[in-house]
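J.: Attaching a predicted model along with its sequence, questions to come.
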Amino acid sequence: MRSKALKIALTCAVLAAALGGLMYTTLSDGTEYYIHVDEVMQDRAAWEGKRLQLHGFVADLRQRPNSLDYRFNVQFNGKVITADYTGVVPDTFKNESEVVLKGKLHGSGFVVEPNGVMAKCPSKYNAQTVRTAGS
Amino acid sequence: MAALGSFVLLATFVVASYALAASVAGGRRRSRALIESGVGAFYMTAALMAVASGVIVHAFVTGNYAIKYVQRYSDSAQPLAYKITSYWGGLDGSIMFWVLLLSVFGSIAVATNRERHRELIPWVVAIIAATEMFFIFIMVVHNNPFDTFIAASPADGKGLNPLLQNFYMAIHPPSLYTGFVAMTIPYAFGMAALITGHLDDAWLRAVRRWTMIGWLFLTFGLTLGMLWAYEELGWGGFWGWDPVENAGLLPWFTATAFLHSVMVQERRGMLRVWNVTLVITTFFLTIFGTFMTRSGVVQSVHAFGEDRWLATLFTVFMVLIVTFSFGWVIYRLPLLKSRHELDSWASREAAFLANNWILLFSAFFVLFATMFPTLSEAVRGQRLTVGPPFFNLWMRPIGLILLVLTGIAPLLAWRKSTLTNLIYQFTWPVAATMVTGAAVYALGIRVWSSGLCFALCAFVGATIVQEFIRGAQVRQGASGADILTALIGLVGRQRRRYGGYIVHLGIVLMFLGFAGQGYKQHEENLRLRPGESATVGRFTVRHDGIGVTNDEQKQMITGHVTVSSGGRQIAQMAPARWFFAKHEDQPTTEVAIRRSVGEDVYVVLAAYEVESQIGIYAVTVNPLVNWIWLGFGILAIGTGIALLPERAFALAGVKVPDAAVTTTLLLLILLLPAVAGAQTVVPKSELRKQLEGDVMCTCGGCKAPMNNCPMGPACHGLKEQSEKLDRFIAQGMTREQIRAAFVADHGGQDVLAAPIDEGFNKLAWALPYVAGATGAALVGVAARRWTRRRDPAPDALPAPAPIDDALRARLDDELRDLD
């Protein structure tokens, strides 16, 4: 009975270690830093080249005529960064909407990956998040 | 009215706490009277919640915008159906809806198991009542849906977000809630078994059906969520591993595991600790999912607000659940010993065990990855997120392994499969896998996960078909019937087994759809002038122009697109963007989908220029998506078959306790106000409505205007007047003209209800309130009846009665415990 318990414990330990190790290696490839605009602006150099999910509010949204190129400001807590994006934007993407942008810092601005714009869905549960834009 | 609602909520809390106290006391003292009164009070909570729901639905239907919740989630322009579904449209109402479902399900579960599992009932009632109390507590102190504006109340509501005003959103949340709530019942029975120490397999029988129902609704809710994402959101996919989706998936994994491992316990008396743990975990995950999505702990694309207070409450509740539940498990460990050991790894129980581990691992993986941003922030102070690629990387192989097990497990024998047996069972399925694999390779599909998935789908499909054919052949040999009759007989005889196979078939079809998403997807953004065309995959898309139209609710910008393939026109499509009044800044995307068995052409109007008629489209070709929805249909049929009562037509013959009949009647009465309110909103023109108040019914008996004739629609006078009214309206006459026409026709002023008095209107409006009050009074009477002990001396047996079925079943149960 004791040896059986030991066997089970050993098997579990090996399995857990293997899975944990595997998960750790895959995790480091797949992670992105979730960060707000003001945090990036505090120490720009540190975030250069890293995959980011940038959280903020859209302002000054412009679209190049006859194209799907967008340029807009993302702001949070008084800090602003300019972002560029080419592609289809969600319905909820407009000035003052709360967005999470996937992409990297590039030069003076932020370049959004294809399909990297996530505007917060209208939730049934709390609609006021959009209204507190800029706060 | 709002005050009534708040009062009913408070009353429910009191009644639920009484049910809890009486049941615990009754269970400990073995006092029949206390237990009975606890059960009565428990039924009462369901009735009271129905009253509260009636009040809020009534408020929505009549547009009582003094209530904050009503004002925030509806407006007067909303169609009636969406007014009603706004009930569960927001946080406060969804909690109330939760309690309503829980109390109703709980009552049904208690009523149906009262005789069979008498010793468990007080504890079941106590557990469910405690859960109800938690949610009512949240409502009463923090999220009261009946809160009113203190100052002047607004004239109209803000209206439900247009994105949420569609069929799927009306039924997707309640379906998920139903699944979540149904999982409380197995938990309550499991805990009752732990507390009483009646840990034989009886409690499992009581909860299996509930788990299946909950599982079905969870699956339904998840599928509807996918369908909504696919058809409404316009990003071309259906599952994005968003925390809110994951919250629904977590209990699904553990419930699926439980549905399988329960068979092992029934057959072999093994995995007893495991099963009880799964039931607890499933319940915990439903609460956790609710916590995760409502408290703002996890960042999601769904904009949930942060609510520290709610988060704290939920955390306390969850800690209590874990300590209480696992405390009991540990205390009862000696009673939970397995009766048998695993004989061989080539056995069905071993395969089920593997399936359980993987499902549980999936649950914890998804939980971990969903919580990863929160965890990393807590540990490292830096919020790291993982995206869909990480989920896919892990869930693809996991899904494929589960798929293999779906095929293997049912074909293995219990205890030990011999080699001959294995060869006999697996020759054909393996052959089918090989052939499909080769075919997939020959067709040029080089994505390993999708290719493997197709091959494995063939494997599982072959095992299922083989089971049906072999079973039918055996039956045919025994009965001499034709193969079809034999098949039907086979499924009828072993509903759980063959229903389960059909469920598996549904799962296989869904996997086909998932695999299709993996192996080929054409996605193009096109900017086209009128007449221009472009190629996406094997389709040619031509832009014909932009149209602008209006209706009462919205402005619609529609792109007109012609899709052709191989030079042949196959579809005219009209993707659009709709601008709802009040929500102009937030247009909704109306996706155009050309469905087919093989692949969908999915067109979104991304942007447009009205002057130059240029349309910008996002076009996606989605292979095999429709198999997911079809798969769900098959899965639902399979679950339905497995759920059918054991004896044919037993459902019709089930002895319905009279209390249940009364409760149902009560519910119907309570629904009356809602219905009465609803009737006033039946689409009639404003003019007609006004005139129905102006013109008297001529039946002679009622002396009331048309809209208030007590005889109802069957009244001959009313019918006559109504036809006349229709005729006048059709002639395009004004209100005054019609009134004059009625007077002329009738020959006197008395056909008018003049002077038009507010009194009639008031009377009409008072009707629902009167009905509501009657309902409440009936609740009181019923409460008195139920809490009264009906049989004065349970010990004094009546004259020896013939043993009825329920008693016999109980006797069977008890005899089985002896071995």
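T.: Everything's here; your move.
J.: Mind telling me which residue of the stretch 601-750 of chain B is nearest chain A?
T.: Here the stretch 601-750 of chain B gets closest to chain A at one residue, B:A606, 4.1 Å apart by CB to the nearest CB. For every residue, glycine as well, the C-beta is placed using N, CA and C.
J.: What is the neighbour count of the closest residue to that residue other than its chain neighbours?
T.: By the measure of CB to CB, 6 or more residues apart in numbering or on different chains, the closest residue to B:A606 outside its immediate chain neighbours is A:V88, 4.1 Å from it. Under the neighbour criterion other CB atoms under 10 Å in any protein chain shown, A:V88 is assigned a count of 23.
J.: Return the list of helices and strands in contact with the helix ranked longest in chain A.
T.: In chain A, with assignment by DSSP state H, the single longest helix is helix A:2-30. Secondary-structure packing of helix A:2-30 (3 or more CB pairs under 8 Å, 6 or more residues apart in numbering or on different chains; DSSP states H and E): helix B:348-380, helix B:388-408.
J.: if we can go back for a sec, is it correct that the residue nearest to B:A606 falls within a helix?
T.: No - the assignment for A:V88 by DSSP: H, G, I helix; E, B strand; the rest coil gives coil, which leaves it out of any helix.
J.: wouldn't it be in contact with B:A618 here?
T.: Yes - counting by CB atoms under 8 Å, B:A618 is a contact partner of A:V88 at 4.5 Å.
J.: what are the ranges of the strands in chain B?
T.: In chain B, the strands defined using DSSP state E lie at B:384-386, B:522-528, B:533-536, B:539-550, B:554-565, B:568-573, B:576-580, B:588-590, B:592-594, B:599-609, B:614-623.
J.: Residues contacting the second one, please?
T.: When contacts are defined by CB atoms under 8 Å, 6 or more residues apart in numbering or on different chains, strand B:522-528 is touched by residues A:66-68, A:87-88, B:236, B:534, B:536-537, B:541-543, B:606, B:614-621.
J.: per-residue pLDDT, B:S564?
T.: Confidence at B:S564, expressed as pLDDT, is 92.
J.: tell me which residues form a beta bridge with it?
T.: The bridge-partner assignment for B:S564, based on DSSP bridges, gives B:T540, B:Q569.
J.: wait, what's in contact with B:L353?
T.: Contacts of B:L353 by CB under 8 Å, 6+ apart are B:S261, B:V264, B:L271, B:L342.
J.: same deal with B:I56?
T.: For B:I56, the contacting residues are B:G5, B:I67, B:Y69, B:V70, B:Y87, B:G93, B:M96, B:P145, B:F146, taking CB under 8 Å, 6+ apart as the criterion.
J.: rerun at 6 Å
T.: Under the criterion of CB atoms under 6 Å, 6 or more residues apart in numbering or on different chains, the neighbours of B:I56 are B:Y87, B:P145.
J.: same deal with A:H55?
T.: Going by CB under 6 Å, 6+ apart, A:H55 touches A:H36, A:V100.
J.: wait, is it part of a strand?
T.: Yes - in this structure, A:H55 lies within a strand as judged by three-state DSSP.
J.: and the gap between it and A:C12?
T.: Between A:H55 and A:C12 the computed distance is 39 Å (CB to CB, to the nearest Å).
J.: cool, and B:L375?
T.: In terms of CB to CB, B:L375 sits 22 Å off from A:C12.
J.: higher neighbour count, those two?
T.: Taking neighbours as other CB under 10 Å, B:L375 and A:C12 compare with B:L375 leading, 14 against 10.
J.: what's around B:L644, how many residues?
T.: Quick note: B:L644 (other CB under 10 Å) scores 16 neighbours.
J.: pLDDT score assigned to B:D750?
T.: Taken from the predicted model, the pLDDT recorded for B:D750 is 66.
J.: same deal with B:A678?
T.: Looking at B:A678, its pLDDT stands at 39.
J.: again, but for B:P792
T.: Model confidence at B:P792, expressed as pLDDT, equals 45.
J.: Check B:K83 too.
T.: pLDDT for B:K83: 86.
J.: Chain neighbours aside, what residue packs nearest to it?
T.: Counting by CB to CB, 6+ apart, B:K83 lies nearest to B:F60, which is 4.6 Å off, once chain neighbours are set aside.
J.: where along the stretch 151-300 of chain B do the helices fall?
T.: Listed in chain order, the helices of the stretch 151-300 of chain B (DSSP state H, counting those that start in this stretch) span residues B:167-182, B:184-196, B:202-228, B:243-268, B:272-295.
J.: what's near enough to touch the residue of the stretch 601-750 of chain B closest to chain A?
T.: Taking CB under 6 Å, 6+ apart as the definition of contact, the neighbours of B:A606 are A:V88, B:I616, B:A618.
J.: what's the span of stretch B:379-387, first residue to last?
T.: Its start and end residues considered, stretch B:379-387 measures 19 Å (CA to CA, to the nearest Å).
J.: Does the residue nearest to B:A606 touch B:Y617 like I think?
T.: No - the criterion here is CB atoms under 6 Å, and A:V88 misses it with B:Y617 at 8.9 Å.
J.: before we move on, back to that, may I see the contacts of B:A606 organised as a markdown table, with pLDDT and distance to B:A47 added?
T.: A markdown table is the format used below for the contacts of B:A606 (pLDDT from 0 to 100; distance: CB to CB, whole Å):
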| residue | pLDDT | distance to B:A47 |
| --- | --- | --- |
| A:V88 | 78 | 51 |
| B:I616 | 87 | 56 |
| B:A618 | 87 | 51 |
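J.: will you turn the contacts of B:L353 into JSON lines that also has distance to B:W215?
T.: Supplementary listing: the contacts of B:L353 in JSON lines, determined by distance: CB to CB, whole Å:
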{"residue": "B:S261", "distance to B:W215": "13"}
{"residue": "B:V264", "distance to B:W215": "17"}
{"residue": "B:L271", "distance to B:W215": "18"}
{"residue": "B:L342", "distance to B:W215": "26"}
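J.: Relative to B:R30, which of those is nearest.
T.: Distance to B:R30 across the contacts of B:L353 (CB to CB) is lowest for B:L271, with 31.1 Å.
J.: residue contacts, the residue nearest the centre of chain B?
T.: For chain B, the residue sitting closest to the mean C-alpha position, by CA atoms, centre = their mean, is B:S175 at 1.1 Å. With contact set as CB under 6 Å, 6+ apart, B:S175 has these partners: B:F217, B:F220, B:G221, B:L224.
J.: One more: B:T254?
T.: With CB under 6 Å, 6+ apart as the criterion, the residues that contact B:T254 are B:L278, B:T281, B:T282, B:A363.
J.: Disregarding flanking residues, what is the spatial nearest neighbour of it?
T.: In space, and not counting its chain neighbours, B:T254 is closest to B:T282: 4.3 Å by CB to CB, 6+ apart.
J.: give me the number of residues near residue 53?
T.: In the absence of a named chain, chain A is used. The burial count for A:Q53: 22, using other CB under 10 Å.
J.: ah, I was thinking of chain B
T.: By the other CB under 10 Å criterion, the neighbourhood of B:S53 contains 25 residues.
J.: Distance-wise, check the residue lying closest to it once chain neighbours are set aside relative to chain A.
T.: Spatially, and ignoring its direct neighbours in sequence, B:S53 is nearest to B:L100 (5.2 Å; CB to CB, 6+ apart). According to CB to the nearest CB, to the nearest Å, B:L100 stands 18 Å off from chain A.
J.: Please tell me the pLDDT value assigned to B:L100.
T.: Looking at B:L100, its pLDDT is 96.
J.: quick one: the residue nearest to B:T254 and B:A255 touch, right?
T.: Yes - the criterion here is CB under 6 Å, and B:T282 meets it with B:A255 at 5.1 Å.
J.: For residue 117, give me phi and psi.
T.: No chain was given, so I picked chain A. Its backbone dihedrals place A:V117 at phi -100, psi 120, with angles given as degrees, to the nearest 10.
J.: Please refer instead to chain B.
T.: Here B:H117 shows phi and psi, under degrees, to the nearest 10, equal to phi -120, psi 60.
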